[in-house]
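Enquirer: Need coordinates for the following:
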Amino acid sequence: MDDLKSKYLGLIADASDEAAIEEVRLTALGKKGEISLAMRELGKMTPEERQVAGPALNAIKDEINSALAAKKTALSDAALDERLRGEWLDVTLPSRGRRTGSIHPISQVTEEITAILADMGFAVAEGPQIESDWYNFDALNIPGHHPARAEMDTFYTHRATGDNRPPHVLRTHTSPVQIRALEAQGAPIRIIAPGRVYRADYDQTHTPMFHQVEGLAIDKGISMANLKWTLEELMSAFFGTRVKTRFRASHFPFTEPSAEVDIQCRWDNGSVTVGEGDDWLEVLGSGMVHPKVLQNAGIDPNEWQGFAFGMGIDRMAMLKYGIPDLRAFFDSDLRWLRHYGFASLDVPTLHGGLSK
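Expert: Numbering: from 1, shown residues only. Here you go, the predicted structure:
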């Protein structure tokens, strides 16, 4: 027994890797290992012999198992020490720079406008981008002969042959959201509706898909004076300087009276500075909500009235941040986004600043 124990303890001590350790284990303790075979011989012994040989074999088996485990641990520790010597790291070195993502100017400006108008009590409303003729045109008092309803200006969805349902369109403005909000909430109401809109146009200042934000306020006693104050406060907060506005009479089917809104600016060598100078720049359309629009939304125009306005988010971003071409907004150019993008953690707020 002593020779058997010395033999395997010596083999374990001489093993240089885990493969050699496993080979020793199989030779000694495997199904056909020497110690396993010796333990099978116990059945052929007399009771007196088994009382002597059994405990001795079990003691040898336990000692070999302990030696195998200790050797494995020693080899593992030695391998780790060797790896640490070869893969050391100087923790005093400065960390590697990691690129962080940036916020697209459209998302930034949307959040800026939302923060300003939220401070005035406007809530955000949303609606579907595929609309029926009713919500996109009829409910907004847009007649059937209006140019906006022509297929050259509006994207209509295809219908199967024999389908007599009214046509659907990719919404041309976010005004349908106002109708849906009025139907769902009634009056009084104060909302803005930012989102994607679609028109068949493409050049330096127009794209087939762009972004709008429209505002709606319905209550008793609301007038054009409230509209003008709201827009002047919006523009002043947005551009970070006091901005004067000028209303020019216009016509929109869904407002009466209607007005184009200009902001004070100065042109200098092709660049524009907002809030100073003697020039004017048109930025949005507005007006008092047409009584027929209120009726179509289930609101009594004899009791309620209000104003609405709408502007292009993309154009406001171009104007504020000096972006020359609208088409670059949708080119997915990372170099452009790194140049014009915004830090992802700088959330626009009135008290903390709209942009960094």
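Enquirer: now the helices: where do they sit in the stretch 101-250 of the chain?
Expert: Assigned by DSSP state H, counting those that start in this stretch, the stretch 101-250 of the chain shows helices spanning 105-119, 133-136, 175-185, 224-239.
Enquirer: Any idea which of those helices gets closest to D17?
Expert: helix 105-119 (57.4 Å; Cβ to Cβ). Quick note: C-beta positions are derived from backbone N, CA and C, even for glycine.
Enquirer: Give the residue spans of the stretch 201-350 of the chain that score low on pLDDT.
Expert: The stretch 201-350 of the chain contains residues with pLDDT under 70 at 203-205.
Enquirer: Settle this for me: Y198 is touching T207, isn't it.
Expert: No: in this structure Y198 lies outside contact range of T207 using Cβ atoms under 8 Å: 9.5 Å.
Enquirer: Going along the chain, name the helices of the stretch 251-356 of the chain.
Expert: Along the stretch 251-356 of the chain, the segments classed as helices by DSSP H, counting those that start in this stretch run 291-296, 313-321, 334-340.
Enquirer: Tell me which of the ones you listed sits most buried.
Expert: Highest mean neighbour count of the helices of the stretch 251-356 of the chain: helix 313-321, a mean of 20 (counted as mean count of other Cβ atoms under 10 Å).
Enquirer: which other helices and strands contact that one?
Expert: Applying 3 or more Cβ pairs under 8 Å, 6 or more residues apart in numbering; DSSP states H and E, one finds that helix 313-321 makes contact with helix 105-119, strand 209-219, helix 224-239, strand 271-274, strand 279-289.
Enquirer: So L337 sits against S102, correct?
Expert: Yes: under the criterion of Cβ under 8 Å, L337 is in contact with S102, at a separation of 5.8 Å.
Enquirer: So which residues of the chain form strands?
Expert: Ranges of strands in the chain, per DSSP state E, are 102-103, 123-124, 130-132, 168-170, 189-198, 209-219, 245-252, 255-268, 271-274, 279-289, 305-312, 342-343.
Enquirer: And those: which comes nearest F239?
Expert: With Cβ to Cβ as the criterion, F239 lies closest to strand 271-274 of the strands of the chain, at 4.8 Å.
Enquirer: Pull out the buried positions in the closest one.
Expert: By 16 or more other Cβ atoms under 10 Å, the buried positions in strand 271-274 come out as V274.
Enquirer: Can you show me the CA trace of that strand as PDB?
Expert: Extracted in PDB, the C-alpha atoms of strand 271-274 (Å, rounded to 0.1, in the frame of the first residue of the first chain):
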ATOM      1  CA  SER A 271     -26.200  85.200 -43.600                       C
ATOM      2  CA  VAL A 272     -29.100  86.200 -41.400                       C
ATOM      3  CA  THR A 273     -29.100  87.500 -37.900                       C
ATOM      4  CA  VAL A 274     -32.400  87.200 -36.100                       C
END
